[in-house]
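Participant: just a sequence and a predicted model for now, questions to come.
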Protein chains: 2
Amino acid sequence: MMSTLPLELVQTPCLLLDESRMLRNIARVTQHSEQLGVPLRPHVKTPKCAEIVRLMVNAPDRRITVSTLAEAEFFARLDYQNVLLTTPLAPGKIARVAALQRSGVELIGVVDNMAAALALEQAAQGAGCGFSLLVEINVDDFRGGVSPESPDFDDLLSKLLGSTTLRFKGLLFYAGSSKHTRSESERKRIAERYVQCARTVLTRLKDRGIECPIRSFGSTSVFMAADSLEVFTEHRGGIYAFQDLFQAGLGWCTADDIALTVAVTIIGHDLRRKRLFTDGGALALSLDRSTAGTPFDAKYGRIVDARSGVPVQDLWVSEVYQEHGIVTSASGGPIDFAVLPIGHVLAVQVNHADTTAAAHDRYHLVRGGVVVDVWQRVNGW
Amino acid sequence: MMSTLPLELVQTPCLLLDESRMLRNIARVTQHSEQLGVPLRPHVKTPKCAEIVRLMVNAPDRRITVSTLAEAEFFARLDYQNVLLTTPLAPGKIARVAALQRSGVELIGVVDNMAAALALEQAAQGAGCGFSLLVEINVDDFRGGVSPESPDFDDLLSKLLGSTTLRFKGLLFYAGSSKHTRSESERKRIAERYVQCARTVLTRLKDRGIECPIRSFGSTSVFMAADSLEVFTEHRGGIYAFQDLFQAGLGWCTADDIALTVAVTIIGHDLRRKRLFTDGGALALSLDRSTAGTPFDAKYGRIVDARSGVPVQDLWVSEVYQEHGIVTSASGGPIDFAVLPIGHVLAVQVNHADTTAAAHDRYHLVRGGVVVDVWQRVNGW
């Protein structure tokens, strides 16, 4: 805790987190989770922050998803003991898994290929520990996963079921192809495709007498479009707490829902070339251009009023250097410099909350236009 | 200091810094600086590390360049007292400048527009301190600066010379347009253009009896191409200590000079789609695609052997997710998986050393294929 600080006095660049927008975003997804009867396993990789994850968890076992062991270790110290690691584990890190297990954590990993299963089995044997795994299912050739129709799937399953160190715990689905959707109806169809695929695999497992306690689904835009996902036992998601311009572009939230922004200060006026300079550059905003090539290209971010979150003069960050952000009008037209003096603090809505937040070690929690608290992040690996 | 660690046992992803390549890179630029008689003011923004900057400084006054006040404050504690801040100062940070001055540091800032000069003057008056400034000169419309032919330049100069709190200390030049060059002869021409511009401005200042003790030049690729830069009193540069694929693409160093890589571990084999998965994704490598659109497009990085730095099977990081890197052959052809087992540690040469390094809090110093030390970075603002 700290004494409060007016927004105008923050040392920029830094992350601002609008409390009311964040609470509204979390409430919306939590409500849908309860309506569907599919509990959340919040993905810590977005907030990487104790105070935020506490607000997101809604299952009694306080299950969470992590992308790094550093996150798992941090949250283990806060008594989160049901942890899914969605990045396949490097065998050289098994000692850290064993240490987590000794502290009471069940760390569940993912696997989608035989070579990795064999390497993990050998590592676990060497470390004298077991390791629970979900098999990642490839539904539509997005990123990783094994196709459930392929002999590879059966081989992998047999390997896990026959192992004394590896434990088959279920299936992992990631509907990342939702990134390319433009409408809720498309996302409904993705949900149906994933449900159908999961049902088929489950039936086959059941026929063989194989228990499959965890069926984990990911992609919040699809989750929110779905009317029923009862084949899944949980939903993984994280970005919904913050939202960003990419998610707003998908259309399942609005730009006004964006809770996370980067505070920047105006440090230069370029009257001739109609540009503002700010101290929010490539490091503070990240170089994430997720919206590039979409109908909602947001350049390096949109300028909004730091207090209200309302867009300012249709200004966007059009160019970045390491610590310089160059701001221009979308139309290429003039800027009203008089209301944007040197020293004025603005906020930037960004393409992708995850990568921008990763450049910072803390959040400035904003309530009623004032920074009321500073929350730490757990970065690194 | 720490006990040594074989490369194969590092916890990936992490930064590897090859000591012999780094020393060779630093020696080459230092030697050229001595031949030209233009001392270095190393740009701390690349390494952000005490041990590395110590090797780069070659002026008796130990002058350095910083991009953030966090860097200035860190190096002030190590007795670097001659510090140039190339990001225009936000007036709200003047108290930190005053504190640096009280600790014995001369912090020199930059300015290129009247609005900023007025705001800085007011802030300095409020803080009861002075503030030394260089005027940034616009030579070829790259990034910022004021054109020396414009009345704005004379107005700005008069403002600084007439101020009781601001002090005119000289001129700053940044030949960032070198990023678009493809040959040494082009860079020689840029050097000549900057020399010519600086000479003209200096003559005008001299005619008016205005002293201009600092004429600071930046862009190491141009510096290395130049036969004479005697009009300048110093050169700012940082990336040369590490090098990267963008610099190698410019042709003034080779890919074998690259001292900084990211160690990653193979965590998956995708035989069907001829892909490797590693644990080095968007956060560990950064999303920097500086080489995009150039004849030397390096995707998200090139895979090399972690010990030798030699390219491996023409493999490149073709796709990244937050913590997943997807590696494919440049030809789209097969990968020899047998020599790339799960758990194998590889290294990635990156587009742009600055942005990649910024995702990490430390370097693993490698000597003879072994990690012999861990050096900390000063990130943030």
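Facilitator: Sure thing, it's come through.
Participant: now for the longest helix seen in chain A, which elements pack on it?
Facilitator: Counting residues, the longest helix found in chain A (DSSP state H) is helix A:184-207. Under the contact criterion of 3 or more Cβ pairs under 8 Å, 6 or more residues apart in numbering or on different chains; DSSP states H and E, the helices and strands touching helix A:184-207 comprise strand A:166-174, strand A:214-218, helix A:220-225. C-betas here are computed from N, CA, C, even on glycine.
Participant: and the average pLDDT for it is what?
Facilitator: Regarding helix A:184-207, the rounded mean pLDDT is 98.
Participant: so which bits of that helix are buried?
Facilitator: Using 16 or more other Cβ atoms under 10 Å in any protein chain shown as the test for burial, helix A:184-207 gives A:Glu186, A:Arg187, A:Ile190, A:Ala191, A:Glu192, A:Tyr194, A:Val195, A:Cys197, A:Ala198, A:Val201, A:Leu202, A:Leu205.
Participant: before we move on, what SS does A:His364 have?
Facilitator: Assigned by DSSP: H, G, I helix; E, B strand; the rest coil, the conformation of A:His364 is strand.
Participant: list the contacts of the longest helix of chain A.
Facilitator: Contacts of helix A:184-207 with the rest of the structure, by Cβ atoms under 8 Å, 6 or more residues apart in numbering or on different chains, involve A:137, A:139-140, A:148, A:171, A:173, A:175, A:177-178, A:181, A:211-212, A:215, A:217, A:219, A:221-229, A:231-232, A:251-252.
Participant: the helices and strands packed on helix A:184-207: which one's closest to chain B?
Facilitator: Across these, chain B has its closest neighbour in strand A:166-174 (9.6 Å, Cβ to the nearest Cβ).
Participant: which residues of the stretch 251-381 of chain A lie near chain B?
Facilitator: By the criterion of Cβ under 8 Å from any Cβ of the partner chain, the positions of the stretch 251-381 of chain A lying close to chain B are A:265-273, A:277, A:279, A:282-284, A:286-289, A:321-324, A:326, A:337, A:341-343, A:345, A:354-355, A:358-361, A:379-381.
Participant: near chain B, which residues of the stretch 51-200 of chain A? Just list them.
Facilitator: Residues of the stretch 51-200 of chain A lying near chain B by Cβ under 8 Å from any Cβ: A:67-68, A:87-93, A:96, A:112-113, A:115-116, A:118-120, A:123, A:141, A:143-144, A:150, A:152, A:176.
Participant: switch to 7 Å and redo it
Facilitator: Taking Cβ under 7 Å from any Cβ of the partner chain as the contact definition, the stretch 51-200 of chain A meets chain B at A:67-68, A:87-93, A:112-113, A:115-116, A:119, A:143-144.
Participant: looking at the residues you listed, which is nearest B:Gly162?
Facilitator: In terms of Cβ to Cβ, no member of these lies closer to B:Gly162 than A:Thr68, at 55.0 Å.
Participant: and the pLDDT at the nearest residue to that closest one once chain neighbours are set aside?
Facilitator: The shortest distance from A:Thr68 to any residue that is not its chain neighbour, by Cβ to Cβ, 6 or more residues apart in numbering or on different chains, is 5.0 Å, and that residue is A:Trp381. The predicted local distance difference test score for A:Trp381 is 98.
Participant: which SSE is A:Trp381 in?
Facilitator: In this structure, A:Trp381 sits in neither a helix nor a strand according to DSSP states H and E.
Participant: what's near enough to touch it?
Facilitator: For A:Trp381, the contacting residues are A:Thr68, A:Leu69, A:Ala70, B:Gln11, B:Pro13, taking Cβ atoms under 7 Å, 6 or more residues apart in numbering or on different chains as the criterion.
Participant: ok, A:Asp257 touching A:Leu23?
Facilitator: No: if you go by Cβ atoms under 7 Å, A:Asp257 and A:Leu23 don't touch, sitting 11.4 Å apart.
Participant: for these two, indicate the residue with more neighbours.
Facilitator: In this comparison of A:Asp257 against A:Leu23, neighbours counted by other Cβ atoms under 10 Å in any protein chain shown, the higher total goes to A:Asp257 at 20 against 13.
Participant: pLDDT at A:Arg143, what is it?
Facilitator: pLDDT for A:Arg143: 87.
Participant: for chain A, which spans come out with low pLDDT?
Facilitator: For chain A, applying pLDDT under 70 flags the ranges A:1-2.
Participant: what residue of it is the furthest out?
Facilitator: A:Arg272 (40.4 Å; Cα atoms, centre = their mean).
Participant: using the three-state scheme, assign A:Tyr80.
Facilitator: The three-state label given to A:Tyr80 by three-state DSSP is coil.
Participant: distance check, A:Val57 against A:Lys169.
Facilitator: Relative to A:Lys169, A:Val57 is positioned 20 Å away (Cβ to Cβ, to the nearest Å).
Participant: could you pull out the helices in chain A for me?
Facilitator: With DSSP H as the definition, chain A shows helices at residue ranges A:19-36, A:50-56, A:69-76, A:94-102, A:114-127, A:151-162, A:184-207, A:220-225, A:245-250, A:282-285, A:353-357.
Participant: list the buried ones in the first one?
Facilitator: Residues of helix A:19-36 classed as buried: A:Arg21, A:Met22, A:Asn25, A:Ile26, A:Val29, A:Thr30, A:His32, A:Ser33, A:Leu36 (neighbour count, 16+ other Cβ under 10 Å).
Participant: also the second one?
Facilitator: Of the residues in helix A:50-56, those scored as buried under the neighbour-count criterion (16+ other Cβ under 10 Å) are A:Ala50, A:Ile52, A:Val53, A:Leu55, A:Met56.
Participant: what sits up against it?
Facilitator: By Cβ under 7 Å, 6+ apart, the residues outside helix A:50-56 that reach it are A:Ile26, A:Leu40, A:Pro42, A:Val44, A:Pro47, A:Ile64, A:Leu78, A:Ala241, A:Trp375.
Participant: ok, 8 Å please
Facilitator: The set of residues that contact helix A:50-56 without belonging to it, under Cβ under 8 Å, 6+ apart, is A:17, A:22-23, A:26, A:30, A:40, A:42, A:44, A:47, A:64, A:74-75, A:78, A:80, A:238, A:241, A:363, A:373, A:375-376.
Participant: only the buried subset of these, as a ChimeraX command please.
Facilitator: ChimeraX command restricting the contacts of helix A:50-56 to the buried ones, with burial defined by 16+ other Cβ under 10 Å:
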select /A:17,22,26,30,40,42,44,47,64,74,75,80,238,241,363,373
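Participant: tell me who's in contact with the nearest residue to A:Val29 once chain neighbours are set aside.
Facilitator: Take A:Val29 and drop its neighbours on the chain: the residue closest to it by Cβ to Cβ, 6+ apart is A:Tyr240, 4.7 Å away. With contact taken as Cβ under 8 Å, 6+ apart, A:Tyr240 is in contact with A:Asn25, A:Ile26, A:Arg28, A:Val29, A:Thr220, A:Gln247, A:Cys253.
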